[in-house]
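K.L.:
fold the following, please.
(one chain, ligands or ions: 2)
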Amino acid sequence: MTSTQPTISITRRLEFDSGHRIPNHDGQCKHLHGHRYAIEVTLTGEVADHPGKADDGMVLDFGDIKKLTNQYIVEQWDHAFLVAKEDKGLVNFLATLPNHKTVIMEHVPTVENLANVAFAIMQPVFAKAFGGRLQLSAIRLYETPNCWADVHPA
Ligand SMILES: Nc1nc2c(c(=O)[nH]1)N=C([C@H](O)[C@H](O)COP(=O)(O)OP(=O)(O)OP(=O)(O)O)CN2
Ligand SMILES: [Zn+2]
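P.N.:
Numbers count the residues shown, from 1 in each chain. Ligands and ions are numbered 1, 2, ... in the order given. Below is the predicted model of the structure:
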């Protein structure tokens, strides 16, 4: 039976702090620096019609988006230095710092690439959770209040 319910998108925002650099940048961003990133996770699905239940009237409890995004992204990247594997001098330097939280990325850590990685991590997580009834429809990652990248399903 096909559903008559409209789909609705909901978005949960979380923030974290990370260091990075863009090694071949022709401006300031080639230097080691950091950002307070903000990630906005948008899920699309039907609103639950479960009178009397905790999730009645929700696509998903915002707390569930927070929990999973914290687990898979924020706890991994917060107060970490995000470095491209090709940035070998820096990778080697960071490895000399005892217990330093370093995340080695496949590609240069632009906001586009980081948003792409976050989407690739979170898409299967949300596809498997909650009975497969939700779609990760967007990830928006802010590098600064003025600069961000959006990723949507292919
Ligand atoms: N397309 C991209 N361009 C740039 C990226 C990026 O990830 N993708 N990153 C940077 C720098 O890392 C930096 O984060 C952005 O610096 P900037 O342009 O200076 O942004 P601000 O918001 O700090 O700029 P204000 O001048 O203070 O408004 C560069 N480019
Ligand atoms: Zn930067």
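K.L.:
contact partners for the residue positioned nearest the centre of the chain?
P.N.:
Relative to the mean C-alpha position of the chain, the nearest C-alpha, by Cα atoms, centre = their mean, is the one of Ala118, at 3.9 Å. By Cβ atoms under 8 Å, 6 or more residues apart in numbering, the residues touching Ala118 are Ile39, Ile73, Ile139, Leu141, Val151. C-beta here means a position set from N, CA and C on the backbone, and glycine is covered the same way.
K.L.:
what's the farthest-apart pair in those?
P.N.:
Taking Cβ to Cβ as the measure, the contacts of Ala118 span a maximum distance of 12.6 Å, between Ile73 and Val151.
K.L.:
of those two, who's got more company?
P.N.:
Neighbour count, other Cβ atoms under 10 Å: between Ile73 and Val151, Ile73 has more, with 23 against 20.
K.L.:
per-residue confidence at that one?
P.N.:
The model reports Ile73 with a pLDDT of 98.
K.L.:
SS state for it?
P.N.:
With DSSP: H, G, I helix; E, B strand; the rest coil as the basis, Ile73 sits in helix.
K.L.:
next one: phi and psi at the nearest residue to it once chain neighbours are set aside?
P.N.:
Leaving aside its sequence neighbours, Ile73 sits nearest to Ala118 (Cβ to Cβ, 6 or more residues apart in numbering; 5.3 Å). Per-residue torsions, Ala118: phi -60, psi -40 (degrees, to the nearest 10).
K.L.:
what of the one 3 residues further on?
P.N.:
Dihedral angles phi and psi of Ile121 (degrees, to the nearest 10) take the values phi -70, psi -50.
K.L.:
cheers, nothing more for now.
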